[in-house]
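*Asks:* got a sequence here, can you model it:
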Amino acid sequence: MTSPALLSIQSAAQTAGAKPLSGLEAKARRTAEDFETMFLELTLDQVFSSGGQEGPLGENGTGGGVYRSMLVKEYAGLVVRSGGVGIGDQVYREILRMQENRQ
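*Replies:* So this is what the prediction gives:
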């Protein structure tokens, strides 16, 4: 079964006039996006945790840490889906370069 993210990547490539992604290219793109999401989650988590422990995201309330981690995960996903910060593109190009050198 094809994931919705993979379908959106392929449809975006077709809309832009580019050739459709092959299976390996699509997998590399998804891996690069996953890496960027993870990087942004770690970065945003540091930003939110440095803001103190009071308020709705503070540890004083019930499940504040859990809520903060879910919020950070959603923010990171939204940033990547809206174009990201460029890390995913660089990782994608590097993955393709490494695959070409391996062949």
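*Asks:* C-alpha from now on. contacts and neighbour counts both.
*Replies:* Noted.
*Asks:* for Gly83, phi and psi?
*Replies:* Dihedral pair for Gly83: phi 120, psi -20, per degrees, to the nearest 10.
*Asks:* what's around it, how many residues?
*Replies:* 11 (other C-alpha atoms under 10 Å).
*Asks:* now swap in the one 5 residues further on and tell me
*Replies:* By the criterion of other C-alpha under 10 Å, Gly88 has 23 neighbours.
*Asks:* how many other residues sit next to Met70?
*Replies:* Here the number of neighbours of Met70 (other C-alpha under 10 Å) works out to 12.
*Asks:* show the pLDDT at it.
*Replies:* Confidence at Met70, expressed as pLDDT, is 89.
*Asks:* can you show me the helices along this protein?
*Replies:* For the chain, helices defined by DSSP state H occupy the ranges 4-15, 23-49, 64-81, 87-102.
*Asks:* out of the ones you listed, which gets the lowest mean score?
*Replies:* Lowest mean pLDDT of the helices of the chain: helix 4-15, a mean of 46.
*Asks:* spit out the contact partners of Gly84.
*Replies:* Glu36 (C-alpha atoms under 8 Å, 6 or more residues apart in numbering).
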